[in-house]
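K.L.:
no sequence on this one, just coordinates:
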């Protein structure tokens, strides 16, 4: 079909005298980006440094990127000091810790869990959904029952610190996400393994003091995370509602497919949010992207977004550029 369409289009141009113009490009398949042979893992925020270390243990042994991202973000999920992910995450306005997560592999397979309670590692539940069911997403009590049936243990995720902060919040019960405050900082991770394959993971406890039942972008394939093994992967952090409206991570990957670098693709996605959402000055959204060649980039609306990069030689934290400086 492609060859026939190309032939007909070329014939048309010849008949109209336009064959000398460079307008065949939309019909010409461009060369696929080549993997440089070097594994790499990138993740959002300061807690990405520890998560990267766990992921690199897999990558350095020529393990699969999917295993790397799952093992990486599980470190953050289990850390009670991180109040935005997993165990220790701040609860909703009813005092319930509810978790969202998704995972995606190099073949386009994906799994997702939303509004999950009392399970330590939602990312592993998401992977189990991907591998053991005909579905992509399970939510609420159904997700919880699935987790129990697959060997996950019930655990109270509300730590004393998170409960204390929730009770303090109840005194005013005012809700407004604070830019870059520790109340909405997802951990999202992308990895490229020694075989040149990409995978990604995203996990969060969502916005602190949210309405009971609220789900953000983190478990939404295409919003909080998207991976295309021919092009690259992207993930998001910040206010989920703003990301969902733009199907943000998918947008970044598609911009990369059109030839933009990871950095430029993240910038273009943020620019679109700024143009479309009038309240952009009152919110934070950040995108992180990794290409098939191992190139990475990140960009956010506000200053303050950082991300961690581990390439085997160093594991460093980088401050992302932003629209508002």
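P.N.:
Arrived safely. Quick caveat: nothing in here was measured; it's all calculated off a predicted structure. Numbers count the residues shown, from 1 in each chain.

K.L.:
helix, strand or coil for the residue nearest the centre of the chain?
P.N.:
Centroid-nearest residue in the chain: residue 235, 2.7 Å away (criterion: CA atoms, centre = their mean). Residue 235 falls in the strand class when you classify it by DSSP: H, G, I helix; E, B strand; the rest coil.

K.L.:
surely it and residue 198 touch.
P.N.:
No. Applying CB atoms under 8 Å, one finds residue 235 not in contact with residue 198, separated by 11.4 Å. Any C-beta I mention is one placed from the backbone N, CA and C, and that applies to glycine too.

K.L.:
joint contacts of the two?
P.N.:
residue 190 (CB atoms under 8 Å, 6 or more residues apart in numbering).

K.L.:
correct me if wrong: residue 273 contacts residue 299.
P.N.:
No. Residue 273 lies out of contact with residue 299 (CB under 8 Å); the separation is 10.5 Å.

K.L.:
element containing residue 123, please.
P.N.:
Residue 123 belongs to helix 122-132 when assigned by DSSP states H and E.

K.L.:
roughly how far is the next helix or strand after that helix from the heart of the chain?
P.N.:
The element immediately downstream of helix 122-132 (helix or strand, assigned by DSSP H and E) is strand 137-139. Its chain's average C-alpha position is 17 Å from that of strand 137-139, according to CA atoms, centre = their mean, to the nearest Å.

K.L.:
show me where the chain has helices.
P.N.:
Taking DSSP state H to define them, one finds helices in the chain at 2-16, 48-59, 65-77, 122-132, 140-149, 160-170, 240-246, 248-257, 262-276.

K.L.:
could you dump the ones you listed into TSV with distance to residue 282 added?
P.N.:
Conversion of the helices of the chain to TSV gives the following (distance: least, CB to CB, whole Å):
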stretch	distance to residue 282
helix 2-16	46
helix 48-59	25
helix 65-77	27
helix 122-132	28
helix 140-149	30
helix 160-170	19
helix 240-246	10
helix 248-257	18
helix 262-276	12
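
K.L.:
looking at those, which is buried most?
P.N.:
Among the helices of the chain, helix 65-77 has the highest mean neighbour count (mean count of other CB atoms under 10 Å), at a mean of 27.

K.L.:
point out where the stretch 51-200 of the chain drops to low pLDDT.
P.N.:
For the stretch 51-200 of the chain, residues meeting the criterion pLDDT under 70 lie at 175-184.

K.L.:
if you set the cut-off to 90 instead, what comes out?
P.N.:
172-186 (pLDDT under 90).

K.L.:
break down the stretch 201-325 of the chain into its strands, ranges please.
P.N.:
With DSSP state E, counting those that start in this stretch as the criterion, the stretch 201-325 of the chain has strands at 225-228, 232-238, 285-291, 296-300, 306-310, 315-319, 321-322.

K.L.:
mean neighbour count, the ones you listed: which tops it?
P.N.:
strand 232-238 comes out most buried of the strands of the stretch 201-325 of the chain by mean count of other CB under 10 Å, with a mean of 32.

K.L.:
measure how buried residue 211 is and give me the count.
P.N.:
10 (other CB atoms under 10 Å).

K.L.:
quick one: pLDDT of it?
P.N.:
At residue 211, the pLDDT value in this model is 94.

K.L.:
pretty sure it sits against residue 92.
P.N.:
Yes. Between residue 211 and residue 92 there is a contact under CB under 8 Å: 6.7 Å.

K.L.:
residues in contact with residue 266?
P.N.:
234, 252, 287-289, 297-299.

K.L.:
same thing but 6 Å
P.N.:
Contacts for residue 266 (CB atoms under 6 Å, 6 or more residues apart in numbering) come out as 252, 287, 289, 297-299.

K.L.:
and those residues, which two are furthest apart?
P.N.:
Largest separation among the contacts of residue 266 by CB to CB: 252 and 298, giving 10.2 Å.

K.L.:
distance check, residue 279 against residue 301.
P.N.:
Going from residue 279 to residue 301 by CB to CB, to the nearest Å gives 11 Å.

K.L.:
quick one, which of the two is more surrounded?
P.N.:
residue 301 (26 against 8).

K.L.:
hmm, the more buried one is touching residue 320, no?
P.N.:
No. Contact between residue 301 and residue 320 fails when scored by CB atoms under 6 Å: they sit 10.3 Å apart.
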